[in-house]
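In: have a look at this prediction, sequence included:
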Amino acid sequence: MKKVRRPLSYFLAFAVVALCIAPALVSVSGSFTGTFQFDEYGKFTIMQIADVQTNTSVPSRVVTAITRGVQRFHPDLVVLTGDNIIETIGSTGDFQSAVSTYLAPVINAGVKFAVTFGNHDDEGSAGSKTNQYSYYMSLGGSNFVDHDVTALDGVGSGVIPIYPYGQTGGTPAWQVYVMDSGSDPSSGSYDCCYTSQIDYYIQRSSTYPTVPSLWFQHIIVPDIYSKCMTTTNNGTGVSYDGYYIIPARYNAARSSSSSISTTYKEAPCPPSTSLYQSTAHRSSATYGSKTLYEAWTAYGNLKGAYFGHDHLNEFTCTTEDGIDLGYGESTTLYKTAGIINYNDDNPGVSIYELDANGTYTNVYYAESDIAVTFDANGGTGYMANQVFAKNSTKALSANAYTRTGYNFAGWATSPDGSVAYANGASYTAGTSDVTLYAKWTPKYYNITFNANGGTGGTGPTSMQATTALSAPAVSRTGYTLTGWSPAVPATVPFADTTYIAQWSPITYTVHYNSNGGTGGATADSTHTYDTAKALTTNGFTKTGYSMAGWATSSGGPVVYANGQSVTNLASTQGATVNLYAVWTVSNYNITFNANGGTGGTGPTAMAYGSPLTAPTVTRTGYTFTGWQPAVPATVPAADTTYTAQWTANSYEIIFNANGGTGGTGGSMIYGTALTAPTVTRTGYTFGGWSPAVPATVPAANTTYTAQWTANTYTVIYNGNGATGGSTANSTHVYDVAKTLTANGYT
């Protein structure tokens, strides 16, 4: 049948629309309307059905192969990559009957599926690819993934985005391209993708340049020869049409066997190079007129492309550009006249497990294989099924399951069975699929109760998970237990755990007693255990005393200084601690000021309240009248000066003129000014007082006697006309009789 082509102008009109609605799936009424997501383990499984190539009667072995693939691998998406029927199909009814038969395992399991076509699908009497696509859609209903972008060449050409877990839009985690590789054009060559399909890939890749992709189509690209093969005999011993696989390009991990000879079984049949490189099969000039492979390498992040068509090949090569080119397991049992090895009599499917981290794995699962399914059996995690050739032996995949609180013990053949295989043990497959069940043994964990400064803690103690768990009784002086961190569960947890006691320090009150004080106040203080805090500064007073500190009893000695920083005076929540002021008698400076007298004392330090006796003081000329202030019987509570009080005495003062005149006499006050009177005495010269007169009144009755010196005079004798002789002058003292000199005149 002629290749389905749509005018380029039609493509250009809808290409932008197609990009706008991708990454959401292009859907029609009745088909799958949701979005694909990775599961919670970051996995997404695709099953490829390649080349069923059936006519009216579908071999039961083919149906069984598909059924086993669905049952064992639980794919999220099944992709039919073309040549689903053969050119000898008799009618539309035969086509529908065949499709209903081989898709029954997929539809009955509720697995979503997408369909594209190969070169044989429209060669019989089943109708056009468009009509076939419509039937797949109606048959699958909500299981059918309508990925077809009608603007593209072919039928069943488009992309299926896979989103991260829990995401339904935005940037996908993977893109899965499913493309119609065309029919057989008139040139005689097999067909290949057209400009619209290549441009679509480039446009998608430009939108999501780093998102990894896989590509599925029926006919392999010619690049399998130029990128993976050589015409030089390289010693592999396997060649078709003179081509050998380059060992460095052979990807044993992605092939059905590590041996080239068992996977390279026929010459690949791509389109001719001339057709593949022609303008109609290149990207538009806007994108550099690139072939499909050139577009893969120049744009986007294509990880691999997988094909059918060549039924016997089961190898994958990885090009120097890092792109995997591989074949899916052939699902067909169809044989055609003249071609003896049209199939390998071993129908199967291919499984591709995508990882959200951008990697993927693939396995071949054929009729000759058995699958070992691993059951977590109470555990969690993810393990891919492992494929064994029937009756073959190899190591089991390493356990990847975990179970909180348990150790993996090995694998059993039933959920309750005993361990039959150790982790990674050698396993010999039989002829039937097998499920192995993880066996778990409880873990013991070290449980520690850390008293955190208290007593009563325990551990580490080895305890079995899920057994009863109780915290021990712990105590800590000065603290109240508020709980454990973390909180203690009812049963032993699935991890070594230390529970740390949580403490709240107690608070207590310090009450201050004046203990005989006479005034003032001191406020109570609140203290927290193990936290230093100063005692309230004393506010009490006691007359005559100084505060020496605090005692713990009314008559006790000083234990704490005033304002001292203290800790841990009590260890009981809410306790009251009584402290008693300790008083020390004060010494005061006592001074007795004689106030001009003699006998005063001090300043002398004397204890408050001790007996106080004033000293005897005297003062010349004064009479003592008392002290100011009055002297108490005991030492007062203050430095005090007592000043002697005096009254001046009066004395009889007499000035005796001693034969003269002017003497006086009378009472005079001591210390007042004293001035002697003026005295005279005929014939005498005043010579002072005896005793000498002081400036002030002395402290005694005193008579001051005038002292006189008798005057002297000379008697001169005049001869008064005498004619001769002389008489010497004579000196006389007043009041002293003396004879005159005898006359000597003549």
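Out: Yes, it's here.
In: going forward, measure contacts and count neighbours with C-alpha atoms only.
Out: Fine.
In: what's the neighbour count on residue 321?
Out: 11 (other Cα atoms under 10 Å).
In: state whether it is indeed within a helix.
Out: No - counting by DSSP: H, G, I helix; E, B strand; the rest coil, one finds residue 321 to be coil, located in no helix.
In: ok, it to residue 265 distance?
Out: Using Cα to Cα, to the nearest Å, we find residue 321 at a distance of 25 Å from residue 265.
In: where does pLDDT dip in this protein?
Out: Across the chain, the ranges flagged by pLDDT under 70 are 1-29, 186-187, 337-340.
In: show me where it has its helices.
Out: In the chain, the helices defined using DSSP state H lie at 8-21, 60-73, 92-108, 129-140, 195-207, 223-228, 260-263, 273-276, 292-298.
In: show me where the stretch 101-250 of the chain has strands.
Out: 112-116, 158-163, 174-178, 212-216, 229-230, 244-245 (DSSP state E, counting those that start in this stretch).
In: what's residue 96 in contact with, if anything?
Out: Going by Cα atoms under 8 Å, 6 or more residues apart in numbering, residue 96 touches residue 135.
In: how close does it sit to residue 110?
Out: Residue 96 is 19 Å from residue 110, by Cα to Cα.
In: with residue 565 instead?
Out: For residue 565, the distance to residue 110 equals 79 Å [Cα to Cα].
In: residue 142 contacts residue 107, correct?
Out: No - using Cα atoms under 8 Å, residue 142 is not in contact with residue 107, being 9.6 Å away.
In: picking that back up, between the strands of the stretch 101-250 of the chain, which one is closest to residue 466.
Out: With Cα to Cα, the closest approach to residue 466 among those belongs to strand 158-163: 38.0 Å.
In: ok, that closest one: who's next to it in the sheet?
Out: When pairs are called by DSSP bridges, strand 158-163 turns out to pair with strand 36-37 (parallel), strand 174-178 (antiparallel).
In: one step back: of the helices of the chain, which is nearest residue 400?
Out: Per Cα to Cα, nearest to residue 400 of the helices of the chain: helix 60-73, 16.8 Å.
In: who touches that closest one?
Out: With contacts defined as Cα under 8 Å, 6+ apart, helix 60-73 is touched by 45, 47, 49, 52, 101-102, 105-106, 109, 331-333, 347-349, 351, 365-367, 371, 373, 384-385.
In: the residues you listed, buried ones only, as a ChimeraX selection?
Out: Selection of buried members from the contacts of helix 60-73 for ChimeraX, criterion 16 or more other Cα atoms under 10 Å:
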select :45,47,49,52,101,102,105,106,331,332,333,347,348,349,351,365,366,367,371,373,384,385
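In: contact partners for the residue nearest to residue 440 when sequence neighbours are not counted?
Out: Once flanking residues are discounted, residue 440 sits nearest to residue 408: 4.9 Å by Cα to Cα, 6 or more residues apart in numbering. For residue 408, the contact set (Cα under 8 Å, 6+ apart) comprises 402, 438-441.
In: can you check residue 451 too?
Out: Residue 451 touches 457-458, 474-475, 500-501, counting by Cα under 8 Å, 6+ apart.
In: filter these down to the buried ones.
Out: 457-458, 474-475, 500-501.
In: nearest to residue 291 among the residues you listed?
Out: Closest to residue 291, out of all of the buried ones among the contacts of residue 451 and judged by Cα to Cα, is residue 500, at 68.2 Å.
In: what sits opposite that closest one in the beta ladder?
Out: The partner residues for residue 500, given DSSP bridges, come to residue 450, residue 485.
In: distance check, it against residue 585.
Out: From residue 500 over to residue 585 the distance is 54 Å, taken as Cα to Cα.
In: what's the burial count for the nearest residue to residue 89 once chain neighbours are set aside?
Out: Excluding its sequence neighbours, the residue lying closest to residue 89 (Cα to Cα, 6+ apart) is residue 55, at 4.7 Å. Burial of residue 55, expressed as a neighbour count using other Cα under 10 Å, amounts to 23.
In: residue 55 and residue 91 touch, don't they?
Out: No - using Cα under 8 Å, residue 55 makes no contact with residue 91, being 9.5 Å away.
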